[in-house]
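Trainee: Provided below are the primary sequence and the corresponding predicted coordinates.
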Amino acid sequence: MYKKIALAIFYLGIACLIYLYGESILVWFRQTDSITQVIAMATVMALFPIIPYPVVGGVIGAAYGPVTGGIVTWTGSTAASILMFLFIRYGYQDWGKKVLHKFKNIERATALFERNAFLFILFARMIPTIPSIIVNAYSALSRVTFGVYAVSSSLGKIPAMLLFALVGDSLLNDPRNVVLTIAVYAVFLTVTMYIYRLWKKKYSPAS
C-alpha cells in the first residue's frame, strides 16, 4: 500500500514539473547534443502527455532530422508504453480497470482481442482515434504475454512517430513538404482502417 502511494506521489511530482517547465523542456530538446538524454526525456514526456506528444515529436524531428528524430521519438514512445504496461500489470490493476470502464465498446474489443491479440494491438496503435492508454490498460489486464505486447505495440507506433518527426523537420526546412507528408500518411491510415475493418468484420462475434 505504501509503495503504491509513494509511486503515485512520484508520478504526480513529475507531472507537475512538466506542467511548470514544459516550454523550457522543449527548448532543451533543440539545444542538447545527447541522444540518450533526449530519449530519456521523450520517454518521460510520453508517460505524462501534458504537452501533446506530437508536439514533442515535431520538436525532436526539427532538431535531429526525420530519420534520427523519428527513431528517437519512436524509442521514447515505445519505452513509455512498455513502462505503463508494467505499471498497470504489476502495480495498479484497479486503476487500469477504471480506465477501461470509460470505454464503451469494451465487449467488442474483448472478442477481437481474444481472436488475435497481436493484430488487435498492432492495428490499435496505427489508428489515432483509439486512445493509447486504452491499449496499454487493456493489454496489461489481459493474458497477453509481455513479448507479444512489446513487439506488436512497437511496430504499430512506427508510422505515427515517423510522421511527427517528418512534420517537425519539414516545418523547419521546407514547409511545402508538410502537405505531402500528411497526404502520404492519410493514404496509409485509410488503407490501415480498411484492413482493420475487414479483419474486425471477419472476427466479429456476430459473424
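Mentor: Sure thing, it's come through.
Trainee: now the helix or strand encompassing residue 135, how far from the centre of its chain.
Mentor: If you go by DSSP states H and E, residue 135 is part of helix 132-141. In terms of CA atoms, centre = their mean, to the nearest Å, the centre of helix 132-141 is found 11 Å from the chain centre.
Trainee: Render the CA-only coordinates of it in CSV, please.
Mentor: What follows is helix 132-141, C-alpha atoms only, in CSV (Å, rounded to 0.1, in the frame of the first residue of the first chain):
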residue,chain,number,x,y,z
SER,A,132,-3.1,4.9,-26.2
ILE,A,133,-4.0,4.4,-22.6
ILE,A,134,-6.8,2.1,-23.5
VAL,A,135,-4.4,-0.2,-25.4
ASN,A,136,-1.9,-0.1,-22.5
ALA,A,137,-4.5,-0.8,-19.8
TYR,A,138,-6.4,-3.5,-21.8
SER,A,139,-3.2,-5.4,-22.7
ALA,A,140,-1.9,-5.2,-19.2
LEU,A,141,-5.1,-6.6,-17.7
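Trainee: residue contacts, the residue nearest to residue 75 when sequence neighbours are not counted?
Mentor: Of all residues not flanking residue 75 in the chain, residue 39 sits nearest, at 5.2 Å (CB to CB, 6 or more residues apart in numbering). Placement of C-beta: from N, CA and C, glycine included. Applying CB atoms under 8 Å, 6 or more residues apart in numbering to residue 39 gives the contacts 72, 75, 76, 79.
Trainee: likewise residue 95?
Mentor: Here residue 95 is in contact with residue 88 (criterion: CB under 8 Å, 6+ apart).
Trainee: what's the spacing between residue 159 and residue 126?
Mentor: Per CB to CB, to the nearest Å, residue 159 is found 6 Å from residue 126.
Trainee: what sits in contact with each of those two?
Mentor: residue 189.
Trainee: Determine how far the strand or helix carrying residue 194 lies from the middle of the whole chain.
Mentor: Assigned by DSSP H and E, residue 194 belongs to helix 176-202. With CA atoms, centre = their mean as the basis, helix 176-202 stands 17 Å off its chain's centre.
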